[in-house]
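In: just the structure for this:
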Amino acid sequence: MKNYRWFYKNKPGFTLIEACLGLVIISIIIALLNFANPVLHKHPILNNPVNLTWQNMISTLEESSNPFEWIEILNDGNNLKLTRLTSKNQVSKEYILKVTKVTHTLYVSGIERGYMPVVYNVRQVMFQERHQRIWIKVIYINGESNEAYLAINKQKA
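Out: Purely as a prediction, here's the structure:
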């Protein structure tokens with residue numbers, strides 16, 4: 001009986017069963033990640049970032065807390081001059097929404113300095129005044145296009 005007590009004493013470390021159980025759990029997690037990977041790549045928003053950046057641009061321009069107002073359409077309908085009150089001192093700042101031909105990026109540029117890219121892979125952008133609103137159409141390099149009426153008001157004179 002004395003020999004058996006030595007065998008059952010609590011010793012530090014893992015038993016063989018605990019180690020095998022840990023390996024099984026790790027392999028199940030890896031298998032689930034491998035299964036989820038193709039599913040995530042087929043998701044329409046993750047696979048098509050054009051729609052995601054388009055929606056971000058629209059929501060940025062139409063932000064209700066500090067909205068943009070449009071002043072005029074420039075450069076034969078390819079640029080849009082905007083204004084926005086700053087939240088700190090309520091001073092109006094002017095911006096231009098335009099496309100760069102080099103990087104194919106639609107961005108908001110400050111008149112003084114700075115810029116914020118809003119949509120990438122843009123071949124052409126068109127602005128038109130329709131019913132006191134701005135209609136925008138963006139054509140991408142891959143041939144897709146998006147268009148919308150921006151819910152921004154014309155600046156009051």
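
In: what average pLDDT does the helix ranked longest in the chain get?
Out: The residue-count maximum for a helix in the chain (DSSP state H) belongs to helix 16-41. The predicted model assigns helix 16-41 a mean pLDDT of 84.

In: quick one: stretch 123-130 to chain centroid distance?
Out: Taking CA atoms, centre = their mean, to the nearest Å, one finds the center of stretch 123-130 at 22 Å from the center of the full chain.

In: which residues touch that stretch?
Out: The set of residues external to stretch 123-130 that reach it, using CB atoms under 8 Å, 6 or more residues apart in numbering, is 73, 77-80, 97-99, 104, 106, 134-141, 149. Every C-beta, even on glycine, is put in place using the N, C-alpha and C of the backbone.

In: pull out the buried members of those residues.
Out: Neighbour-count burial (16 or more other CB atoms under 10 Å) is assigned, among these, to Ile73, Asn79, Leu80, Leu97, Lys98, Val99, Leu106, Ile134, Ile136, Val138, Tyr140.

In: so what's Glu147 up against?
Out: Under the criterion of CB under 8 Å, 6+ apart, the neighbours of Glu147 are Trp135, Ile136, Lys137, Val138.

In: which residues does the last one bridge with?
Out: Per DSSP bridges, residues listed as beta-bridge partners of Val138: Val125, Asn146.

In: gap between it and Val108?
Out: According to CB to CB, to the nearest Å, Val138 stands 14 Å off from Val108.

In: kindly report the same for the second one.
Out: For Ile136, the distance to Val108 (CB to CB) stands at 13 Å.
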